[in-house]
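Enquirer: Fold the following, please.
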Amino acid sequence: MDARGDQVVTEQVPQAPIRPGRRLPEWIKVRVTEGENYQELKELVRSQRLHTVCEEAQCPNIYDCWNRRTATFMILGAICTRACRFCAVTSGRPTELDLTEPLRVAESVAQLGLRHAVITSVDRDDLRDGGAEIFARTIRAIKRRSPGTTVEVLTPDFAGNLEAVTTVVEAEPDIYNHNTETVPRLYPSVRPKAVYANSLGLLRHVKAVRPDMVTKSGVMVGLGESIEELQDVFRNMRAHDIDVLTVGQYLRPSPKHAEVQRFYSPSEFVQLRDQALALGFRHVESGALVRSSYHADEQVPSQGHKLLAG
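Expert: As a prediction, this is how the structure comes out:
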């Protein structure tokens, strides 16, 4: 128990071993705190029949974020039409398109009094717009119901459909996020249905539609990329005017997923952060457990469209 009476356990993040006998580094640990905020959010998500990427993707930061009253809602169902080799979300043929979902998400955000809500989704390549209209309805519903809540979207690539991107941008989220995920060389083996140029082009299009909108992207490390390849990705991101970057360690969700090739040390994450900041990113989160939504509320634009200090 901590000083507030919350149950606290420190444990290593579950992961299939890279090879027999190899353990996770000691710095990859999670503080499990099932406090009042965490329990409230968990119960509401269940009662409203909603999904969160925090749970579906086995995010190690779920306790930290939920206890800080930030959450990442996953719309458009829980089944993804793609099967990226790094992702724990279930893949297959989607069976639902719930038009009432935006209102339920907005009501949940209001009931919880969330100060920052992140909205993401599975890939829905079966839909003409990839689900962009549902994204837009969700953003608008949250802003009507909770005008004090900031909204970040983490969208799929919409299969290169820039009209779909425009649909989301025109709903005026506070931050538009789309992850590059890895270096171009590894796309065929890790992210086979995606196109590296499309991911960068999507975020450039966001700026073309709304130059003042904060754009964001993220990469995983440990999949077999080189430092030089990462640096090239960082430079490409800045050439596409991306403002915020997240860098985190890839952790293997199960034995069927891509293997971890190596673990980056804490000092290496600091070096990557410093290199990225030197290129002109306005905010960089870099660390073993950093994920797309890690401390996302600290990256929200304030008046004048300047980023809050992290």
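Enquirer: wait, doesn't L230 sit right on M220?
Expert: No. Judged on CB atoms under 8 Å, L230 makes no contact with M220 at a distance of 10.3 Å. No exception for glycine: its C-beta is placed from N, CA and C like everyone else's.
Enquirer: Settle it for me: which of those two has more neighbours?
Expert: Comparing L230 with M220 by other CB atoms under 10 Å, the one with more neighbours is M220, at 24 against 18.
Enquirer: So, low pLDDT: which residues of the stretch 201-310 of the chain?
Expert: Under the criterion pLDDT under 70, the flagged ranges of the stretch 201-310 of the chain are 294-310.
Enquirer: Now do the strands in it.
Expert: According to DSSP state E, counting those that start in this stretch, the stretch 201-310 of the chain carries its strands in the segments 214-221, 244-249, 283-287.
Enquirer: Could you export the second one as PDB, CA atoms only?
Expert: Taking Å, rounded to 0.1, in the frame of the first residue of the first chain, the C-alpha atoms of strand 244-249 are listed here in PDB:
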ATOM      1  CA  VAL A 244       6.200  15.800 -31.400                       C
ATOM      2  CA  LEU A 245       8.100  12.500 -31.300                       C
ATOM      3  CA  THR A 246       7.800   9.400 -29.100                       C
ATOM      4  CA  VAL A 247      10.400   6.700 -29.000                       C
ATOM      5  CA  GLY A 248       9.900   3.500 -27.000                       C
ATOM      6  CA  GLN A 249      11.200   0.000 -26.600                       C
END
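Enquirer: distance between it and the chain's centre?
Expert: Its chain's C-alpha centre lies 10 Å from the corresponding centre of strand 244-249 when counted by CA atoms, centre = their mean, to the nearest Å.
Enquirer: Next: stretch 261-280.
Expert: Stretch 261-280 has its C-alpha centroid displaced from the chain centroid by 19 Å (CA atoms, centre = their mean).
Enquirer: what does stretch 149-164 give?
Expert: 12 Å.
Enquirer: got the end-to-end distance for it?
Expert: In stretch 149-164, first residue to last residue: 24 Å (CA to CA, to the nearest Å).
Enquirer: Check stretch 205-221 too.
Expert: Per CA to CA, the first residue of stretch 205-221 is 26 Å away from its last.
Enquirer: got it, and stretch 270-290?
Expert: By CA to CA, the extent of stretch 270-290 from end to end equals 12 Å.
Enquirer: mind starting the numbering at 21 from now?
Expert: OK, 21 is where the count begins now, so the last one is stretch 290-310.
Enquirer: what comes up buried for that stretch?
Expert: Residues of stretch 290-310 classed as buried: 292-293, 295-296, 301-310 (neighbour count, 16 or more other CB atoms under 10 Å).
Enquirer: would you list those residues in CSV and tack on distance to K276?
Expert: Shown next, in CSV, are those (distance: CB to CB, whole Å):
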residue, distance to K276
L292, 28
R293, 32
Q295, 33
A296, 32
F301, 34
R302, 38
H303, 34
V304, 32
E305, 29
S306, 28
G307, 26
A308, 23
L309, 22
V310, 24
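Enquirer: Helices of the protein, start to end?
Expert: For the chain, applying DSSP state H gives helices covering 56-67, 73-76, 82-87, 121-132, 152-165, 182-189, 207-210, 216-229, 247-259, 286-298.
Enquirer: hang on, the earlier thing: switch the strands of the stretch 221-330 of the chain over to JSON lines; also include distance to G180.
Expert: Shown next, in JSON lines, are the strands of the stretch 221-330 of the chain (distance: least, CB to CB, whole Å):
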{"stretch": "strand 234-241", "distance to G180": "16"}
{"stretch": "strand 264-269", "distance to G180": "22"}
{"stretch": "strand 303-307", "distance to G180": "27"}
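Enquirer: Appreciated, that's everything.
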